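Student: What would the 3D arrangement of this be:
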Amino acid sequence: MKHAHSEVIEQLGLGILIIDAQFIVRYANPFIENNSKQKSLAGKSLFSLFPELPQVWLRKRVESVLMLDNTTYTNWHQRPRLFDFPSSRPITGSARLMYQSCSIFKLKSAEKDDLVCITVYDSTPTAVTQQRLQNSLKRLDKERNYQVELNRKLEETQSQLVQSEKLAGVGQLAAGVAHEINNPVCFIKSNVECLRDYIGKLQSLIKHYDDLLDASLTPELKVKRDQVRQSLDMEYVQEELPEILDETDDGITRIEGIVGSLKDFARLDSGQWQYADLNEGIQSTLKIVHHELKYKVREVEQDLGELPKVQCIPAQLNQVFLNLLVNAAQAIEKTGSIKVTSCHMPERASVVLTFTDTGCGIPASKLDKIFDPFFTTKAVGKGTGLGLSVSYGIIQSHGGTISVESEPGEGTCFRIELPVEQDNH
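Tutor: As a prediction, this is how the structure comes out:
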């Protein structure tokens, strides 16, 4: 006799798939089997059974769930469907694919291997209702022209809310990472300061020793002393030590800036609002990332116009500039150029900044996902996928917009528009 809960699962109007870490199906309930028109799915590869699945995206989501032991969601707004299932409620007279909302979470299994559950919920009724409502609004817009601007703002607000929900999902993780990084950075910084002091004392001691030895050694011993110094390359070492310490300080400063941005990402309403010159912020950021750019960027063209001081949190905007410049350099495969522009738009009471590179570009299929947390076009291990989502959150918290245009093989341009004055600050 079947267990009661097994009968319930088989009757649910909800898809349940259980896979292992190798993406082998361990269980599929009747909802999955009936909609896929496949039987006996257990033991087969998920991607061979459902070739339409976005493999890279799903692999990253499953890896994240296994590593963080959390639950991740996707709804039909951002990703209309994962599986090519037919809809039982067609929007028109012809059959349509099902709109789906999915969740992915790790199972607390007694088995040794890790198991992940993917649930598939049919969101077609909600999607149909909302699409019909949108069509009604469009017809209403034709009759009432004065509502066009209002509807546009409502759509923008909806998009911002969706993005804010995704950002909130990684806010707690960002705060934890920032805390864990900040502790070792503090004692590294303290140790570097001690090293600078100790090295200064050692160099002073060596100089005193040399003065004493010069006064007491025979010419033969002086020659041997000089040979030892030369074999150890002591002059180069003594000249290089201060530069090494300076570069280490610069690296610590950059880490502290990144940690600060992670904290801001988790708590975007923090920080000190003030009026700042964004051109100065761009130029100081260019100095910080000089070492990152110099190997592949043959020219950084600056076309910076006259800007009014903008009410902002400068440290956060500098982090955005840093992320965009580093991304631009990394997108250049061999050599290329970057152009940074700024201008004032008094009629809109705003300023506009652009960051353009001649790199590899971004495929059109990925442009609408680049601001998603953990999404990256870089190779595995080369990026966290947080930089642009952090930047998006910062620009949104400043009441601005950030957009992107890109052509594969031609390059990418990020455009930022920020208000000069904040309404609530």
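Student: going forward, measure contacts between C-alpha atoms and count neighbours the same way
Tutor: Noted.
Student: buried set for stretch 272-288?
Tutor: Trp273, Ala276, Leu278, Asn279, Gly281, Ile282, Thr285, Leu286, Ile288 (16 or more other C-alpha atoms under 10 Å).
Student: Closest to Asp423 out of those residues?
Tutor: Trp273 (12.2 Å; C-alpha to C-alpha).
Student: So for the closest one, what's the pLDDT?
Tutor: Looking at Trp273, its pLDDT reads 87.
Student: Also Lys378?
Tutor: pLDDT, Lys378: 52.
Student: still on that earlier bit, among the buried residues of stretch 272-288, which are located in strands?
Tutor: Using DSSP state E, the subset of those located in strands is Ala276.
Student: which of the buried residues of stretch 272-288 has the weakest pLDDT?
Tutor: Among the buried residues of stretch 272-288, Ile288 has the lowest pLDDT, at 75.
Student: rewinding a little: can you put the buried residues of stretch 272-288 in a markdown table and add distance to Asp423?
Tutor: Compiled in a markdown table, the buried residues of stretch 272-288 are given as follows (distance: C-alpha to C-alpha, whole Å):
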| residue | distance to Asp423 |
| --- | --- |
| Trp273 | 12 |
| Ala276 | 16 |
| Leu278 | 19 |
| Asn279 | 22 |
| Gly281 | 22 |
| Ile282 | 24 |
| Thr285 | 27 |
| Leu286 | 30 |
| Ile288 | 31 |
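Student: Any stretches of the stretch 301-425 of the chain with poor pLDDT?
Tutor: Along the stretch 301-425 of the chain, segments meeting pLDDT under 70 span 373-386, 424-425.
Student: change it to 80
Tutor: Within the stretch 301-425 of the chain, the segments meeting pLDDT under 80 span 368-369, 371-387, 389, 424-425.
Student: So which residues of it form helices?
Tutor: Counting by DSSP state H, counting those that start in this stretch, the stretch 301-425 of the chain has helices at residues 314-331, 364-367, 387-397.
Student: Out of these, the one nearest Ser406 is which?
Tutor: Closest to Ser406 of the helices of the stretch 301-425 of the chain, according to C-alpha to C-alpha: helix 364-367, at 7.6 Å.
Student: which other helices and strands contact that closest one?
Tutor: Packing contacts for helix 364-367, counted by 3 or more C-alpha pairs under 8 Å, 6 or more residues apart in numbering; DSSP states H and E, involve strand 401-407.
Student: can you pull the buried residues of the strand it packs on?
Tutor: Buried residues in strand 401-407, counting neighbours by 16+ other C-alpha under 10 Å, are found at Thr401, Ile402, Val404, Ser406.
Student: Give the bridge partners for the second one, please.
Tutor: In this structure, Ile402 has beta-bridge partners Ile416, where bridges are defined by DSSP bridges.
Student: list the contacts for it?
Tutor: Shown in contact with Ile402 (C-alpha atoms under 8 Å, 6 or more residues apart in numbering): Tyr392, Ile395, Phe414, Arg415, Ile416, Glu417.
Student: Quickly list the domain ranges of this structure.
Tutor: What automatic domain parsing lists as the domains of the chain is 4-143, 181-266, 271-419.
Student: Just name the most buried of the ones you listed.
Tutor: Most buried of the domains of the chain by mean neighbour count (mean count of other C-alpha atoms under 10 Å) is domain 271-419; its value is a mean of 18.
Student: Tell me where this structure has strands.
Tutor: For the chain, the strands defined by DSSP E cover 14-20, 25-28, 71-74, 100-106, 115-122, 274-276, 297-304, 310-312, 336-345, 350-357, 401-407, 411-419.
Student: Nice, that's everything, thank you.
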